[in-house]
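Undergrad: Got a predicted model here, sequence first, then my questions.
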Protein chains: 2
Amino acid sequence: MSTITDVARVAGVSVATVSRALRGLDRVSPATRQRVLEVAAELQYVASPTATSLASGRTRVVAVCAPFLSRWFFATLVSAIEKELRSQDHHAILFDLENDDYHSRLPLTQNMLWKRVDGIIALDVTMTDEEIDLLDRLGLPVVAIGASIPGRPCVRIDDSAAMRTAVEHLIGLGHRRIAYIGDVPPHVPHVRTPRDRIHAFTDVMAEADLPVEPSWVLGSDWTAQAAAADSAAVLTGSPRPTAIVAASDEMAIGVRETARRLGLRVPQDVSVVGIDDFQLSDVLGITTVRQDVTAQGRAAARLLLDRLLEDRVCTGDLVLPTELVVRESTGPAPSD
Amino acid sequence: MSTITDVARVAGVSVATVSRALRGLDRVSPATRQRVLEVAAELQYVASPTATSLASGRTRVVAVCAPFLSRWFFATLVSAIEKELRSQDHHAILFDLENDDYHSRLPLTQNMLWKRVDGIIALDVTMTDEEIDLLDRLGLPVVAIGASIPGRPCVRIDDSAAMRTAVEHLIGLGHRRIAYIGDVPPHVPHVRTPRDRIHAFTDVMAEADLPVEPSWVLGSDWTAQAAAADSAAVLTGSPRPTAIVAASDEMAIGVRETARRLGLRVPQDVSVVGIDDFQLSDVLGITTVRQDVTAQGRAAARLLLDRLLEDRVCTGDLVLPTELVVRESTGPAPSD
DNA sequence: CTGAAAGCGCTTACAG
DNA sequence: CTGAAAGCGCTTACAG
């Protein structure tokens, strides 16, 4: 493959001129530029990104960090981010911070980032103090999605509002005995979203003068599997809740499946609502509060690119709207 | 941040010595190495990957290319690949080749690859002749997953065998009127898997002397949504199939949902089987032929690393086993 | 065992 | 408008 020197030689100009012509800088005569462009095309010249990076100090690469990669929410974000970055000639390098268990994750290190990326998009990763220090030292711009990072812009939804919408939907249907699944132990690192959602749940219940039965507030690792298993006790108990709100659609799906398996009709016997509008929520008829995950990924990438390309810095959060989507999994509360 | 020159100066040696010491090459005295290590740690020195790449010609970055990124199969592969690569100090850069429609994808270009990556892992991408030329010209090692690429190693399952297993399971349960969903138009670029699966279906049916009703062979874009919609006609027709085999679990889920919505019991009235063991297949009780997607991703990454690190070249395909997992969505054929 | 020097392939002031 | 030269921060023969 040819280098800039080859192009310069064939075009009969200096490498400096080739560099300027190819990057569209001014102070190159139209004729020269034309000639350089032709030669470059002919030689199938593509600048070495590695050499460009060393000389310019910019890699045009962005680190995308997430506590998991294979889950729908994160995979959807990654896909959106990658496309947006590429549209501006940037690339995404991946860091799956998943550890052996749900309750911890791998730390970000200087090795991952230093001179390797121009910036970071953090998908729902709550940073430790050491990590924040590192980011400061490296001077890397960061955009967060979901969990916010002190002093950095964050793209997210209003988790409280989303949960309010879900619970108020149930209350509006006449439900009074409502269970909750999706509580998370206090030491879990990715916490804002779970916490906001459960707080909104208890707030709305209190405002409506409805009791929150402690044994009806279930922990979970936020998988459909765990939700299916954990909800069985509540669904077989007596009295039984007439509705269950799940902090995510995947959990809602697990709960609905368990309900059916126990012979309960959804929604006639028990209503189930989630949050997300997960990939399968529409076919499965899950009532949910939709968030636009692709839009969040795109927005975060754009925020970072604005910073990188035009040094336009955004502070504060970008909060995207959510929307109630009523499907078959919720209905009027059964009369006792 | 400090450079190799800083470390050399503080340690009182040349940069060449620092380079050797840090990379664990021999011909460095233990005392010197020790001293260099200490200084490097003290200065928090991390070598610039960009400079290392330019000098060494190796980027330690691998391109992971896929026609979609947000679907479970691909996201699971990406996660497994990223972890395996990182365990060997390599990184994954992502290329989501998704286009506006299911039937085409973005092409691989020299711009994406040249001097940017050391190798490529292609997730179910059927290469065009131009792309194969490009890969030859660039001399980049490639490992495929799913769809194979002429002359390159490929990690996959035996799609025919997997489908045979699924269909034979149904036949063993006494089903004779069996429909199929997951056929793909001939011009779709990612084709081997769909084609192998449907051929296996018709083969097994023929061997069992069972008719394949053309109107019971349904096309699909392999989403649960499309499967849910497309299967309605077959499920409301008369006669009705007693079983439907879906080329993927996501389609099976869509079919099962439509069946239930139409008032059919699964599996008493109609059995549904898929292939994959998708993330939600266990909670939803979908009988399936399981493939280990994580193992495939890991194996592909390892194959590529073997090639990159030890120039150990593998030719031919690595075929991983599949396994029937019987759950609630299949049962004995109803007596007419 | 260690160092001086060339080289990787670009970009970027600085002259002209 | 164009070129010569320094520099980005490493690695790698080559001497010694």
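TA: Nice, thanks for sending it over.
Undergrad: Quick check, A:Arg302 in contact with A:Glu84.
TA: Yes - the pair A:Arg302 / A:Glu84 is scored as a contact, 6.1 Å apart, by C-beta atoms under 8 Å. From N, CA and C alone the C-beta is placed, and that goes for glycine too.
Undergrad: Comparing those two, which residue is more hemmed in?
TA: Each of A:Arg302 and A:Glu84 has its neighbours counted (other C-beta atoms under 10 Å in any protein chain shown); A:Glu84 has more, 22 against 19.
Undergrad: ok, for whichever residue of the stretch 1-150 of chain A sits closest to chain B, nearest residue in space, not its chain neighbours?
TA: Closest contact between the stretch 1-150 of chain A and chain B, by C-beta to the nearest C-beta, is at A:Ala75 (3.5 Å). Using C-beta to C-beta, 6 or more residues apart in numbering or on different chains and skipping residues adjacent in sequence, the residue nearest A:Ala75 is B:Ala75, 3.5 Å away.
Undergrad: From the structure, what's the count of residues near the one you found?
TA: By other C-beta under 10 Å, the residues close to B:Ala75 number 25.
Undergrad: Can I take it that it is in a strand?
TA: No - counting by DSSP: H, G, I helix; E, B strand; the rest coil, B:Ala75 is not found in a strand; it is helix.
Undergrad: Isn't it up against A:Ser70?
TA: Yes - contact criterion C-beta under 8 Å: B:Ala75 and A:Ser70 qualify, at 4.7 Å.
Undergrad: my read: A:Ala161 touches A:Thr322, true?
TA: Yes - contact criterion C-beta under 8 Å: A:Ala161 and A:Thr322 qualify, at 6.7 Å.
Undergrad: Look at the nearest residue to A:Gly297 once chain neighbours are set aside and say how many residues are nearby.
TA: Excluding the flanking residues, the one nearest A:Gly297 by C-beta to C-beta, 6+ apart is A:Ala80, at 3.0 Å. By the other C-beta under 10 Å criterion, the neighbourhood of A:Ala80 contains 23 residues.
Undergrad: How much space separates A:Ala80 from A:Cys154?
TA: 16 Å (C-beta to C-beta, to the nearest Å).
Undergrad: Okay, buried residues for the host helix or strand of A:Ala226 please.
TA: Assigned by DSSP states H and E, A:Ala226 belongs to helix A:224-236. Using 16 or more other C-beta atoms under 10 Å in any protein chain shown as the test for burial, helix A:224-236 gives A:Ala224, A:Gln225, A:Ala226, A:Ala227, A:Ala228, A:Asp230, A:Ser231, A:Val234, A:Leu235.
Undergrad: Put together JSON lines for those, with distance to DNA strand C and pLDDT on each row.
TA: Converted to JSON lines, the buried residues of helix A:224-236 look like this (distance: C-beta to the nearest atom of the strand, whole Å; pLDDT from 0 to 100):
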{"residue": "A:Ala224", "distance to DNA strand C": "49", "pLDDT": "95"}
{"residue": "A:Gln225", "distance to DNA strand C": "50", "pLDDT": "95"}
{"residue": "A:Ala226", "distance to DNA strand C": "51", "pLDDT": "94"}
{"residue": "A:Ala227", "distance to DNA strand C": "52", "pLDDT": "96"}
{"residue": "A:Ala228", "distance to DNA strand C": "55", "pLDDT": "96"}
{"residue": "A:Asp230", "distance to DNA strand C": "56", "pLDDT": "94"}
{"residue": "A:Ser231", "distance to DNA strand C": "58", "pLDDT": "95"}
{"residue": "A:Val234", "distance to DNA strand C": "61", "pLDDT": "95"}
{"residue": "A:Leu235", "distance to DNA strand C": "63", "pLDDT": "95"}
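Undergrad: And those residues, which is closest to A:Leu135?
TA: A:Ala226 (32.5 Å; C-beta to C-beta).
Undergrad: Contact partners for the closest one?
TA: A:Ser220, A:Met251, A:Gly254 (C-beta atoms under 8 Å, 6 or more residues apart in numbering or on different chains).
Undergrad: so which of those comes closest to B:Pro214?
TA: Nearest member of the contacts of A:Ala226 to B:Pro214, counting by C-beta to C-beta, is A:Gly254, at 38.1 Å.
Undergrad: Now do the host helix or strand of that closest one, average pLDDT.
TA: Under the criterion of DSSP H and E, A:Gly254 resides in helix A:249-261. For helix A:249-261, mean pLDDT is 96.
Undergrad: what's it in contact with?
TA: So helix A:249-261 is contacted by A:72, A:181-182, A:220, A:222-229, A:231-232, A:235, A:244, A:246, A:266, A:269-270, A:272-278, A:280-281, A:284, A:286, A:288, A:329, B:280, B:283-285 (C-beta under 8 Å, 6+ apart).
Undergrad: Could you check how far the closest residue to A:Pro150 other than its chain neighbours is from A:Val125?
TA: Residue nearest to A:Pro150 in three dimensions, not counting chain neighbours: A:Ile132, with 6.8 Å by C-beta to C-beta, 6+ apart. The gap separating A:Ile132 from A:Val125 is 11 Å, by C-beta to C-beta.
Undergrad: more neighbours, these two?
TA: Between A:Ile132 and A:Val125, counting by other C-beta under 10 Å, A:Val125 is the more crowded of the two (24 against 16).
Undergrad: State the helix or strand in which the closest residue to DNA strand D within the stretch 201-336 of chain A lies.
TA: Nearest residue of the stretch 201-336 of chain A to DNA strand D: A:Leu308, at 18.6 Å (C-beta to the nearest atom of the strand). A:Leu308 belongs to helix A:293-310 when assigned by DSSP H and E.
Undergrad: Contacts only, for A:Ala299.
TA: Counted by C-beta under 8 Å, 6+ apart, A:Ala299 has contacts A:Val155, A:Leu318, A:Leu320.
Undergrad: Which of those residues ranks first by neighbour count?
TA: Neighbour max across these (other C-beta under 10 Å) = A:Val155, 25 neighbours.
Undergrad: Phi and psi next, for that residue.
TA: phi -100, psi 130 (degrees, to the nearest 10).
Undergrad: so how far is A:Leu303 from it?
TA: 7 Å.
Undergrad: what residues are shared contacts of these two?
TA: A:Val143, A:Leu318.
Undergrad: Give me the pLDDT for the residue of the stretch 201-336 of chain A closest to DNA strand D.
TA: 93.
Undergrad: my guess is it meets A:Gly119, correct?
TA: Yes - using C-beta under 8 Å, A:Leu308 is in contact with A:Gly119, at 5.7 Å.
Undergrad: Which one's more surrounded, those two?
TA: Higher neighbour count among A:Leu308 and A:Gly119: A:Gly119, with 21 against 18, using other C-beta under 10 Å.
Undergrad: Now do the phi/psi pair for that one.
TA: Backbone torsions of A:Gly119, given as degrees, to the nearest 10, read phi -170, psi 180.
Undergrad: Spit out the contact partners of the residue lying closest to it once chain neighbours are set aside.
TA: Of all residues beyond its chain neighbours, the one nearest A:Gly119 is A:Pro141 (4.4 Å), with distances taken as C-beta to C-beta, 6+ apart. By C-beta under 8 Å, 6+ apart, the contact set of A:Pro141 is A:Asp118, A:Gly119, A:Ile120, A:Arg152, A:Leu304, A:Arg307, A:Leu308, A:Val313.
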